[in-house]
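J.: sharing a sequence plus its predicted fold:
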Amino acid sequence: MTRSCKAFEDLLQQAQRPVLGYLIRLTGSVHAAQDVLQSANVTAMEKQNAFEEGTNFVAWLSQIAINHHRNQIRKLATSSSVLLIDERLHEIIERRHRERMEQHRRESNWQRLNHCLQQLPDHQRELVEHFYLEGKTLNDLAETTGRKANAIGQALHRARQRLIRCVQQCGDHSEADVLSDPPISHQTAEIQ
């Protein structure tokens with residue numbers, strides 16, 4: 001996938017800290033982690049066209065780094081008698097890293113969504129909050145606002161579309177998929 005070298009270098013720079021932190025936990029050594037990260041950076045630059053834009057760059061670079069670390073362990077194991085860290089420990093460390101990355105992704109999504117909610121006009125933001133956060137039905141909202149349930153549904157649809165556009169502009173397009181459909185429990189609300 002073509003992209004400017006500057007954009008790729010920016011992604012690479014932003015990923016350094018989280019990947020280094022992960023590698024320090026994985027290797028148990030700052031120096032070893034820095035060496036692995038350096039090798040991973042070189043590989044990433046060589047294979048930058050293999051990175052799929054819109055996917056998680058930190059996860060991509062982490063996987064390259066993990067592969068470099070495993071290769072180093074294999075080389076050490078064949079050249080000398082080295083006590084290897086149990087593969088299960090590697091799996092635990094990798095799983096915890098993925099969990100942290102997922103938590104970071106969710107927090108980032110919430111921050112973008114909250115930012116976008118604040119961008120909505122007051123009447124749309126209030127409808128979204130009542131419907132999604134408080135769990136009110138279209139009929140409940142129709143009664144409290146004096147508007148028809150169909151009109152409330154259309155207003156919610158417009159607010160949702162506005163949120164999707166805002167979230168897409170703020171970050172990864174795939175994150176906006178969460179907003180595409182209202183919760184099933186709300187879709188089945190009776191419209192009078």
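T.: Received it, and whenever you're ready, just let me know what you need.
J.: Cys170 contacts Asn114, doesn't it?
T.: No - the pair Cys170 / Asn114 is not scored as a contact, 10.6 Å apart, by Cβ atoms under 8 Å. All C-beta atoms are positioned from the backbone trio N, CA, C, and that covers glycine.
J.: where does the protein have low pLDDT?
T.: By pLDDT under 70, the weakly predicted segments of the chain are 1-3, 77-87, 172-192.
J.: burial measure for Ala142, as a count.
T.: Neighbourhood size, Ala142 [other Cβ atoms under 10 Å]: 20.
J.: my guess is it contacts Ala149. True?
T.: Yes - counting by Cβ under 8 Å, Ala149 is a contact partner of Ala142 at 4.3 Å.
J.: what ranges does this structure have for its helices?
T.: For the chain, the helices defined by DSSP state H cover 5-27, 30-46, 57-79, 87-119, 122-128, 138-145, 149-170, 184-187.
J.: more crowded one of Cys170 and Asn114?
T.: Using other Cβ under 10 Å as the criterion, Cys170 and Asn114 rank with Cys170 on top: 17 against 9.
J.: name the nearest residue to that one, ignoring sequence neighbours.
T.: Arg112 (4.5 Å; Cβ to Cβ, 6 or more residues apart in numbering).
J.: give the contact list for that neighbour.
T.: With contact set as Cβ atoms under 8 Å, 6 or more residues apart in numbering, Arg112 has these partners: 166-167, 170-171, 175.
J.: and these as CSV, adding distance to Ala15?
T.: Formatted as CSV, the contacts of Arg112 follow (distance: Cβ to Cβ, whole Å):
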residue, distance to Ala15
Cys166, 25
Val167, 22
Cys170, 19
Gly171, 15
Glu175, 18
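J.: thinking Gly171 is in contact with Gln111, fair?
T.: No - with contact defined as Cβ under 8 Å, Gly171 does not reach Gln111; the gap is 9.2 Å.
J.: gap between the residue nearest to Cys170 and Ala33?
T.: Applying Cβ to Cβ, to the nearest Å, the value for Arg112 to Ala33 is 30 Å.
J.: same question for Ala159.
T.: Counting by Cβ to Cβ, the gap from Ala159 to Ala33 is 45 Å.
J.: do His90 as well
T.: With Cβ to Cβ as the criterion, His90 and Ala33 are 14 Å apart.
J.: and these two? which has more neighbours close in?
T.: Higher neighbour count among His90 and Ala33: Ala33, with 21 against 16, using other Cβ under 10 Å.
J.: how about the more buried one, what does it touch?
T.: Counting by Cβ under 8 Å, 6+ apart, Ala33 has contacts 20, 23-24, 26-27.
J.: mind listing what Leu127 touches?
T.: Taking Cβ under 8 Å, 6+ apart, we find Leu127 in contact with 141, 152, 155-156, 159.
J.: can I get these in JSON lines with distance to Leu120 and neighbour count?
T.: Shown next, in JSON lines, are the contacts of Leu127 (distance: Cβ to Cβ, whole Å; neighbours: other Cβ atoms under 10 Å):
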{"residue": "Leu141", "distance to Leu120": "15", "neighbour count": "22"}
{"residue": "Ile152", "distance to Leu120": "15", "neighbour count": "24"}
{"residue": "Ala155", "distance to Leu120": "11", "neighbour count": "18"}
{"residue": "Leu156", "distance to Leu120": "11", "neighbour count": "20"}
{"residue": "Ala159", "distance to Leu120": "6", "neighbour count": "22"}
